[in-house]
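Q: Would you be able to build a 3D model of this:
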Amino acid sequence: MHRSLLRRTLPLTVLSLLAALTAGSAAQARPLSAIRASGVLRVIAPADLPPFSYVAGGTDVGFEIDLITAIASDMNLKVEVQHAPSNQLFQALQDDRADVALAALAITSTREQRVDFTQPTLCAGVSVISSDPKLQLHTDLQGHTIGVPAGTIIESYVQHLAFQKSVRVYPTISDVTLALFAHQIDATFGYTIMKPVLAKLYPKYPVVFGPALFNVPIGMATAQDNATTRSALNLGLIRVTHDGRYEKLSQTYFGTDVRCKKG
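A: Okay, the predicted model is just below:
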């Protein structure tokens with residue numbers, strides 16, 4: 001290559017390389033001071049996870065939506081809700097497109113490599129969900145077709161079940177629900193405490209919940225470099241738990257106390 005041409009192209013090459021490297025890095029999360037200055041807490045959640053976060057009558061509702069709204073109100077913040085499938089939530093935090101992610105997110109060590117969690121907002125059991133009363137336990141699903149939403153702990157759990165089965169991964173929770181109603185899959189998994197609300201929302205499509213197979217703590221997720229926001233959310237959670245608002249929400253959406261039991 002001619003020297004003059006090399007001198008002209010080298011800076012562009014270096015700049016292109018730097019741009020490519022920078023594009024893959026996470027954006028800096030907004031600290032609590034910037035959130036307070038804006039007056040808005042940006043929340044991202046799926047719109048199809050009753051009773052945790054869903055849309056009814058064009059309005060975002062659910063236990064997690066009401067809980068974060070109560071916490072934000074104490075901080076003099078308004079809540080702005082964006083919608084995204086479960087497998088896109090963490091990237092939104094890393095790109096600083098949201099401050100908090102909600103989706104009945106089980107707290108796991110694998111997930112904590114990408115995001116950080118608040119203290120648990122509740123604990124819930126995981127059950128087999130099907131239209132066949134004979135399918136009660138995970139071992140009953142050998143040779144059956146199981147539907148799972150992408151990016152959830154259920155996807156990983158089902159893939160590791162040590163028996164023959166067919167696994168179908170769907171983009172959203174709604175897709176899994178519709179597949180179950182249409183008998184395109186034999187079963188899925190979900191939180192046991194979802195049973196009453198699903199029976200109310202879909203009375204024409206009765207499903208059977210098996211017993212809880214295991215329990216998981218659930219929390220709100222923030223970017224790993226957003227310690228100030230996470231601390232404020234933890235303090236807010238303590239406040240709404242102590243003044244009775246948490247208990248009221250728990251009874252409204254689940255009919256029981258869903259706080260994690262001590263000991």
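Q: which residues of the stretch 151-263 of the chain fall in helices?
A: Ranges of helices in the stretch 151-263 of the chain, per DSSP state H, counting those that start in this stretch, are 153-159, 173-181, 195-201, 227-242, 245-254.
Q: Using CSV, write out the CA atom coordinates for the third one.
A: As requested, C-alpha coordinates have been extracted for helix 195-201 and formatted as CSV (Å, rounded to 0.1, in the frame of the first residue of the first chain):
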residue,chain,number,x,y,z
LYS,A,195,-53.4,-20.2,39.8
PRO,A,196,-56.3,-18.0,41.1
VAL,A,197,-55.7,-15.1,38.6
LEU,A,198,-55.3,-17.4,35.6
ALA,A,199,-58.6,-19.1,36.5
LYS,A,200,-60.2,-15.7,36.7
LEU,A,201,-58.7,-14.3,33.5
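Q: which parts of that helix are buried?
A: Taking 16 or more other C-beta atoms under 10 Å as the neighbour-count basis, helix 195-201 is seen to contain the buried residues Lys195, Val197, Leu198. Quick note: C-beta positions are derived from backbone N, CA and C, even for glycine.
Q: rewinding a little: which one of the helices of the stretch 151-263 of the chain has the most crowded surroundings?
A: With neighbours defined by mean count of other C-beta atoms under 10 Å, none of the helices of the stretch 151-263 of the chain is more surrounded on average than helix 173-181, at a mean of 20.
Q: that older thread, could I get the helices of the stretch 151-263 of the chain in JSON lines, plus columns for mean pLDDT and distance to Gly125?
A: What follows is the helices of the stretch 151-263 of the chain, written out as JSON lines (pLDDT from 0 to 100; distance: least, C-beta to C-beta, whole Å):
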{"stretch": "helix 153-159", "mean pLDDT": "94", "distance to Gly125": "13"}
{"stretch": "helix 173-181", "mean pLDDT": "95", "distance to Gly125": "18"}
{"stretch": "helix 195-201", "mean pLDDT": "91", "distance to Gly125": "11"}
{"stretch": "helix 227-242", "mean pLDDT": "97", "distance to Gly125": "21"}
{"stretch": "helix 245-254", "mean pLDDT": "96", "distance to Gly125": "12"}
